[in-house]
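Turn this into a structure:
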Amino acid sequence: MICTDCGAKDAQEGRTTCFRCRVSGVGFAFRGGAVIGRGGWNMTKGDWLREHMGTDSEKQLAKREGIERV
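As a prediction, the model looks like this:
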């Protein structure tokens, strides 16, 4: 069977599109531990907590007023 998308390649048995057309829409993204995007791919959760909360210990954060546990 011929691929319905490109019309040039043979589709696999039981499928209407060829492998190349099926994977053409697959992409990837940089994703770090704490910050989404290229800038945070190497930032850990502890680094983010130190930078924004002043400590990387969750026990100390739980003792602070105004910060609730989820």
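
list the buried ones in the strand or helix carrying R22?
Assigned by DSSP states H and E, R22 belongs to helix 19-23. The neighbour-count check on helix 19-23 (16 or more other Cβ atoms under 10 Å) flags C21 as buried. Heads up, the C-betas are built off the backbone N, CA and C, glycines and all.

any chance you could map the helices in this protein?
Using DSSP state H, the helices assigned to the chain run over residues 19-23, 45-53, 58-63.

Using TSV, please lay out those together with mean pLDDT.
Compiled in TSV, these are given as follows (pLDDT from 0 to 100):
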stretch	mean pLDDT
helix 19-23	84
helix 45-53	84
helix 58-63	81
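
quick one, which of those is nearest to D5?
Proximity to D5, assessed across those by Cβ to Cβ, is greatest for helix 19-23 (4.1 Å).

Could you provide the helices of the chain in a markdown table, with additional columns for distance to E13?
Converted to a markdown table, these look like this (distance: least, Cβ to Cβ, whole Å):
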| stretch | distance to E13 |
| --- | --- |
| helix 19-23 | 12 |
| helix 45-53 | 46 |
| helix 58-63 | 53 |
